Structure formats: C-alpha cells, structure tokens
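Enquirer: here is my input; please provide its structure:
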Amino acid sequence: MKFIVLGANGQLGSELKEKAQHYSEHHFLFSDIEEVDITESSDIEEYIQNNPCDVVINAAAYTAVDKAETEKEKALAINVSAVNNLALLSKKYRFFLIHISTDYVFDGKAYLPYKENDTTHPLSVYGETKLQGESALQNTLTRGAIVRTSWLYSSYGNNFLKTIMRLSKERSLINVVFDQIGTPTYAADLAEAVLTIGIQNHLVKNLEIYHYSNEGVASWYDFAHEILRLTQSQTTIIPIESKDFPTPAKRPFYSVLNKSKIKKDFNITIPHWKESLILCLNKLTTKD
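Expert: A predicted model of the protein is given here:
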C-alpha cells in the first residue's frame, strides 16, 4: 500500500516516520509545509495527482491552544479549510483518509470516559476549529477515520513532558494544575494505532470516529509528578487549581476517552500511560 503522511515534522508525523521503517512492505511519502501547503486546494490536489496513494494520514494541525484565541484565522485555515480540501480529494481520488482530532471537542463536564458519539461542546477556538474539521469530513465522506486523542507528548517537538523536564532544571518549585483530568498519550503508541487503521482500512465501512489515548487516568499534576519521580528530580511540585493558573483558552476539566471501539474493531492492546512514559524518557536519555 502507498501512504502519504501530512504534517510529517510534528510529534505524530515524526513517530510515524520511525514506525514506517518496520513496515517495509508498504511505501510511505512524508511531507510538511515545505513540500505542500494543504490550505491551498490547488497545491494539495497537484501533490495527490503526482503521488497516487491508498491512504492519507493527516497529522497536520494548528495545535497552539492559547494562541488560537487570537489567531483564529490561522487555526481555521489549517484545522478546517485544509481538512475540507482533503475530504474533497479523498472523495475524488478514492484514497482512505485518516484525520487526527482531539479531546478538546468536549466540554469536560462528563463523569464517565467520553464515547465517540457523546455530545461535543468545545470550550476554546482550538477545540471549535477541530470540531469544524470533523464536520467537514462528515459532510463530504462516507468512508474514512477520525481519530481523537489527548495530551500528546513525544521525544520530538514541544510538549508538556519536555516543558516539565526543562523547568525542573531551572526551578526548585513548579506549580501544576490538579483539577484537569485526562490521559497522557505517547505519540509513538498513537502512530502504531493509526498505521493499524490504515493497513486494515478494509474493516472500516463508513466514516468512523475512534478514540485513542493511553490507558489510565491522570491530572496534569499526576503526569508532572511521575515525570519528576522517574527523572529523580529534586524539584518540588505544587498542585494548584486551574483558577490560579489562568490561560487564554479554557480547557475541559475532564476529558478521559473511552477506547472500547478502537480496541474491538482492530484488536489492539493499549499500554498504560506510565509504561509509555518510561519508554519515552529512555528514548530522550539516549538522544541526549
């Protein structure tokens, strides 16, 4: 099979590059903004025409949650217009499209892990644009996959893990919110799941939404605490409430995802977030 991965230089895209080396029976083409601007419909169509494929993985996104509050047009271009372009091209050129979305499409008022068909109600511009991107696919495609994930981190790019590690070297005390609950997700695990969907896309008969995060539940404080424990940092971490750490964008207080559907449909086993965190930290240590 022939795969195109868009957003190849991001956290997920970089992990997909690594994983692709273990799937030598398939052909992968990785591209980012330098190769093709997916917000320009003529650019992306020409790229697809020149590179016929079976599966397109859209790992490109505007993910600066707080900046999106003042950069709405930019967020709309990448998270909505570009996705609409891909939906139309998927229909025209008959490739299977896998699009990555987010837990931030929910308002966080649930008390049970969110299922794929639960009511959405984003609290931020970022969440709203990601939901509009989902709607663009739903309005156009009859077959494909939307994969919602949460709290993504990796040895690549900028993320919460790297921020905490950096701060622990700069400060003796760090404040982290304890009243936002979700699940940290290692981008390498997500990459494996996304490739499984792509390779087994014959199992997907309609446009399906899937939830994928690591197993387990944590607050941002729990996540940070585990990072400091595993790195044997002497920095003290203080749990605080969200109201004491105001941000431009409002976050859902609870965004744990129910992953029963993806596990059932593709027979996959998902690691616990603490196990995956150890793997990522080991990788970062090796890089250093």
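
Enquirer: could I get the full set of helices for the protein?
Expert: Along the chain, the segments classed as helices by DSSP state H run 11-20, 41-50, 72-76, 82-93, 125-140, 160-170, 187-199, 220-230, 260-266, 273-287.

Enquirer: next, format those helices as a markdown table and append mean pLDDT.
Expert: A markdown table is the format used below for those (pLDDT from 0 to 100):
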| stretch | mean pLDDT |
| --- | --- |
| helix 11-20 | 96 |
| helix 41-50 | 93 |
| helix 72-76 | 94 |
| helix 82-93 | 95 |
| helix 125-140 | 96 |
| helix 160-170 | 94 |
| helix 187-199 | 97 |
| helix 220-230 | 96 |
| helix 260-266 | 97 |
| helix 273-287 | 92 |
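
Enquirer: which among these is found nearest to Phe106?
Expert: Proximity to Phe106, assessed across the helices of the chain by Cβ to Cβ, is greatest for helix 125-140 (7.9 Å). Where C-beta positions appear, they are placed from N, C-alpha and C, glycine not excepted.

Enquirer: and the closest residue to Thr196 other than its chain neighbours, how far from Glu208?
Expert: Closest residue in space to Thr196, ignoring its immediate chain neighbours: Phe266 at 5.2 Å, by Cβ to Cβ, 6 or more residues apart in numbering. Distance, Phe266 to Glu208, by Cβ to Cβ, to the nearest Å: 11 Å.

Enquirer: ditto for Ala188
Expert: Taking Cβ to Cβ, one finds Ala188 at 23 Å from Glu208.

Enquirer: just Leu152 next, same as before
Expert: For Leu152, the distance to Glu208 - Cβ to Cβ - is 20 Å.

Enquirer: picking up where we left off before, my read: the residue nearest to Thr196 touches Gln200, true?
Expert: Yes: Phe266 is within contact range of Gln200, at 6.1 Å (criterion: Cβ atoms under 8 Å).

Enquirer: please identify which of those two sits among more neighbours.
Expert: Phe266 (16 against 13; other Cβ atoms under 10 Å).

Enquirer: OK, contacts around that one?
Expert: Shown in contact with Phe266 (Cβ atoms under 8 Å, 6 or more residues apart in numbering): Ala193, Thr196, Ile197, Gln200, Leu203.

Enquirer: so Leu152 and Glu208 - more neighbours on which side?
Expert: Applying other Cβ under 10 Å to Leu152 and Glu208 shows that Leu152 carries more neighbours, namely 24 against 17.

Enquirer: so what touches stretch 6-14?
Expert: Contacts for stretch 6-14 (Cβ under 8 Å, 6+ apart): 5, 16-17, 30-32, 36, 38, 56-61, 63, 86, 100, 152-154, 156-157, 159, 187, 190-191, 194.

Enquirer: go through those residues and flag which are in strands.
Expert: If you go by DSSP state E, these have Val5, Phe30, Ser31, Val56, Ile57, Asn58, Ile100, Leu152, Tyr153 in strands.

Enquirer: looking at strand pairing, list the partners for the fifth one.
Expert: Looking back up the chat, that one is Ile57. Val5, Ile98 (DSSP bridges).

Enquirer: quick one: it from Arg171, how far?
Expert: Ile57 is 38 Å from Arg171, by Cβ to Cβ.

Enquirer: neighbour-wise, which of the two wins?
Expert: Ranked by neighbour count (other Cβ under 10 Å), Ile57 and Arg171 place Ile57 first, with 29 against 11.
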